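S.K.: What shape does this take:
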Amino acid sequence: MGQIAQFQRRALGRQTCTRLAPYEVKALAEAARCSFLSVAEEKEVPEALGEALRLSEGRRPVLLEVALDFDRRTFFTRGALSANLGRMPFPQRLRMIARAAGRRLVGS
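M.R.: Purely as a prediction, here's the structure:
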C-alpha cells in the first residue's frame with residue numbers, strides 16, 4: 001500500500017484509495033498463526049530475512065513487517081513511470097510530464 005500511495009503522489013499528484021484504518025501487524029500474524037518479525041531500519045533487513053528463512057524451515061509461515069520511509073523513492077516508484085510513459089495515450093503522457101515538470105519548478 002505504501003508503494004502504491006507513493007506512486008500516486010509522485011506520478012499522479014494525488015493519493016486515492018490507499019488509506020487504511022490503524023491496525024497491528026503483529027496481531028494479524030498471531031491470528032494467522034504466523035511467526036512475526038519486525039524491521040525498523042534498512043540495515044536490519046538481511047538479518048531479519050535470514051531469521052525468517054530459519055523459522056520457515058519448520059514449515060511455519062512468517063510475516064515480516066518492514067517499516068518504509070515513504071519520502072524515499074523505492075525501486076517500484078523509480079521505474080514505474082518511465083516504464084509506462086510510452087504506453088500511455090499522448091494526451092495522458094503530456095499531462096504526466098507537465099505534472100512532473102511543475103513539481104520540479106515548485107521545488108526549486
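S.K.: When you work out contacts or count neighbours from here on, use the C-alpha atoms and nothing else.
M.R.: Fine.
S.K.: Would you state the helices of the chain in chain order?
M.R.: Along the chain, counting by DSSP state H, helices occupy 2-7, 25-31, 45-56, 75-85, 90-107.
S.K.: Adding mean pLDDT, mean neighbour count and distance to residue 13, write these out as JSON lines.
M.R.: Output for the helices of the chain, formatted as JSON lines (pLDDT from 0 to 100; neighbours: other C-alpha atoms under 10 Å; distance: least, C-alpha to C-alpha, whole Å):
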{"stretch": "helix 2-7", "mean pLDDT": "74", "mean neighbour count": "18", "distance to residue 13": "9"}
{"stretch": "helix 25-31", "mean pLDDT": "94", "mean neighbour count": "14", "distance to residue 13": "29"}
{"stretch": "helix 45-56", "mean pLDDT": "94", "mean neighbour count": "14", "distance to residue 13": "30"}
{"stretch": "helix 75-85", "mean pLDDT": "64", "mean neighbour count": "12", "distance to residue 13": "13"}
{"stretch": "helix 90-107", "mean pLDDT": "72", "mean neighbour count": "12", "distance to residue 13": "7"}
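S.K.: mind checking which of the ones you listed is nearest residue 16?
M.R.: Checking the helices of the chain against residue 16 by C-alpha to C-alpha gives helix 2-7 as the closest, at 7.5 Å.
S.K.: If you count contacts, what does the closest one end up packed against?
M.R.: Applying 3 or more C-alpha pairs under 8 Å, 6 or more residues apart in numbering; DSSP states H and E, we find helix 2-7 packed against helix 75-85.
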